[in-house]
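K.L.:
My questions concern the predicted model and sequence given below.
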Amino acid sequence: MMTKKYEIVLNYIKDLSVEIPDAQTFILSKEYITKYKLGINVTTKAMKNDMIEVITKLHYKDPNDNKRKSYFEISYSTVIKIIDKNLKKDDLEKIILIEVQNEIYPGLEKIFLNVIKDAGFPDLALEKKVDFEKLYNQRFN
């Protein structure tokens, strides 16, 4: 059995933004929302006591140059405690960018989709499952 190298101490919504400038924009956005693209960004902040704050930011926006568009963004904070004190830098990166993301993303995606739905948009499903390991490996190519 593999021992866990970290544990999630807590997580919370750090910031949430829904921008729909006006009714006309809402009507247009509703028509084009399925063409919007999801972006993911992960940053970290070191904390005391072997803890790290991992901030996963999702943004969902119109990739086209439409004058009228809506914008959705969530910053989700996950605080992890490093249990294994002998981690190498690239092991830590993999924990932050793959393992933690795989653990929190299903819940985060559900929250984000509910926010978009509650903003007045129809049930929305993101087109594909996010493969964090693949994203991690693509960074080096």
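P.N.:
Received it, and whenever you're ready, just let me know what you need.
K.L.:
separation between Leu97 and Asp50?
P.N.:
Per C-beta to C-beta, to the nearest Å, Leu97 is found 18 Å from Asp50. In this view, the C-beta of every residue, glycine as well, is placed from N, C-alpha and C.
K.L.:
what's Val130 in contact with, if anything?
P.N.:
40, 101, 105, 109 (C-beta atoms under 8 Å, 6 or more residues apart in numbering).
K.L.:
Same drill for Leu97 and Asp50, tell me which one is more crowded.
P.N.:
Comparing Leu97 with Asp50 by other C-beta atoms under 10 Å, the one with more neighbours is Leu97, at 19 against 14.
K.L.:
And the more buried one, how close does it get to Asp118?
P.N.:
Leu97 sits 29 Å away from Asp118, taking C-beta to C-beta as the criterion.
K.L.:
now what about the lengthiest helix in the chain, what contacts it?
P.N.:
Ranked by residue count under DSSP state H, the longest helix found in the chain is helix 100-118. Helix 100-118 is contacted by residues 6, 8, 11, 13, 16, 18, 33, 42, 54, 56, 58, 60, 72, 74, 76, 78, 80, 123-126, 130, 132 when judged by C-beta under 8 Å, 6+ apart.
K.L.:
Just the ones of those residues in strands?
P.N.:
6, 8, 11, 13, 16, 18, 42, 54, 56, 58, 60, 72, 74, 76, 78, 80 (DSSP state E).
K.L.:
Now list the buried members of those residues.
P.N.:
Buried members of those, counted by 16 or more other C-beta atoms under 10 Å: 6, 11, 18, 42, 54, 56, 58, 60, 72, 74, 76, 78, 80.
K.L.:
I figured the third one was touching Tyr60, is that so?
P.N.:
No: in this structure Val18 lies outside contact range of Tyr60 using C-beta atoms under 8 Å: 9.9 Å.
K.L.:
And the furthest pair within the buried ones among the ones in strands among the contacts of helix 100-118?
P.N.:
Tyr6 and Val18 (31.7 Å; C-beta to C-beta).
K.L.:
Make a markdown table out of the buried ones among the ones in strands among the contacts of helix 100-118 and add pLDDT and distance to Asn66.
P.N.:
Output for these, formatted as a markdown table (pLDDT from 0 to 100; distance: C-beta to C-beta, whole Å):
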| residue | pLDDT | distance to Asn66 |
| --- | --- | --- |
| Tyr6 | 95 | 42 |
| Asn11 | 97 | 34 |
| Val18 | 97 | 17 |
| Val42 | 97 | 28 |
| Val54 | 98 | 33 |
| Thr56 | 98 | 27 |
| Leu58 | 97 | 20 |
| Tyr60 | 95 | 14 |
| Phe72 | 97 | 15 |
| Ile74 | 98 | 22 |
| Tyr76 | 98 | 27 |
| Thr78 | 98 | 33 |
| Ile80 | 98 | 38 |
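K.L.:
No further questions, thank you.
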